[in-house]
Each structure stands twice: as structure tokens, then as C-alpha cells.
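> here are the coordinates; sequence isn't available:
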């Protein structure tokens, strides 16, 4: 029952993120980026909505779940804190649900949260098409993380 409620909440958050992207209502499929795509739940909904999507995740095992579930979409393994590595101006919108806050952690001695956020945000800005938007949902753990993202 708890899992069903969590899945419903995630889908509700996705619907809100899609609304925030303010995509044109012209039945033209858009290329959307799901940052921290996990098991592909959001990507499946994006495909069902008629869009194409690219999912990125730091975990190969999560990307394997997407492949096992045969969710349509392209995937790449990567650490968003190192930058996204996508071509400039190709993404029509980006979403992330509960993943961006991980950039605020220093999980390794080489991780500098401020530099990781800068690498991520710069590469995201570059890959977005003119006028495209990104919509995130994050949970900062403390006041320092909240201020870091501003």
C-alpha cells in the first residue's frame, strides 16, 4: 500500500513538472530530459504522453531496470555533477524529481557541492533549446543546502 502511494505521489509530481514546462499544446512530440531517471517511471509517462525522452542516472542498476521493463527512451549513465555532456540546444524541457539535492552532498573527498552544482547547471543551460524550461523537485537536508542551490 505504501509503495502504491509513493508511486502515485511520484506521478503527481511528474504531472506538475510537465505543467511547469509549459510545452506547446500542438501535438508535436518534444525531446525531454529526465535527470536521475531511476527505474524509468517518469519516462514511461513521458512516452505515453507522446514525447521522446532521454534518461540519465548515476546508477547502472537503475538503468538496467529501465531496459528490463522495456520502457521506450534513450538512456545514459552519468554523474550530473560532472555535467550532462549533451549537445547544445537539443532538449525541449528537463525534469528531475528528488535527485538534484544529491549534488549538495560531498560523498567523496573530491566532491565540492558548489562546483558540482555549477557543472550541472551550466551543462543543463547549454543543452536546453531556446525558451525551454527545467522543472525540479528537491528536498534540501538543511539550511546550508538550501542556500547552496540559490
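Sure thing, it's come through. Not measured: the values here are computed from a predicted model. Numbering: from 1, shown residues only.

> which residues touch the closest residue to residue 92 other than its chain neighbours?
Among residues not flanking residue 92 along the chain, residue 30 sits closest, at 3.8 Å (Cβ to Cβ, 6 or more residues apart in numbering). Just so you know, the C-beta spots here come from the backbone N, C-alpha and C atoms, and that holds for glycine as well. Shown in contact with residue 30 (Cβ atoms under 8 Å, 6 or more residues apart in numbering): 23, 51-52, 92-93.

> by pLDDT, give me the weakest of these.
Taken together, these show their lowest pLDDT at residue 23, with 88.

> so which of the contacts of residue 30 is the most crowded?
residue 93 (24 neighbours; other Cβ atoms under 10 Å).

> and it, helix, strand or coil?
strand (DSSP: H, G, I helix; E, B strand; the rest coil).

> residues in contact with it?
Residue 93 neighbours (Cβ under 8 Å, 6+ apart): 21, 23, 30, 32-33, 128, 132-135.

> in strands only, show me the residues you listed.
If you go by DSSP state E, the contacts of residue 93 have 32-33, 128, 132-135 in strands.

> CSV please, covering those residues and showing neighbour count and distance to residue 115.
Below are those laid out as CSV (neighbours: other Cβ atoms under 10 Å; distance: Cβ to Cβ, whole Å):
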residue, neighbour count, distance to residue 115
32, 27, 27
33, 25, 21
128, 20, 21
132, 22, 24
133, 15, 24
134, 21, 19
135, 18, 24
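
> and those residues, which is closest to residue 121?
For the ones in strands among the contacts of residue 93, the minimum distance to residue 121 (Cβ to Cβ) is 9.2 Å, reached by residue 134.

> what is the closest one paired to in the beta sheet?
residue 94 (DSSP bridges).

> any idea how far it lies from residue 125?
9 Å (Cβ to Cβ, to the nearest Å).

> low-confidence stretches in the protein?
Scanning the chain with the threshold set as pLDDT under 70 gives 1-11, 106, 139-142, 144-150.
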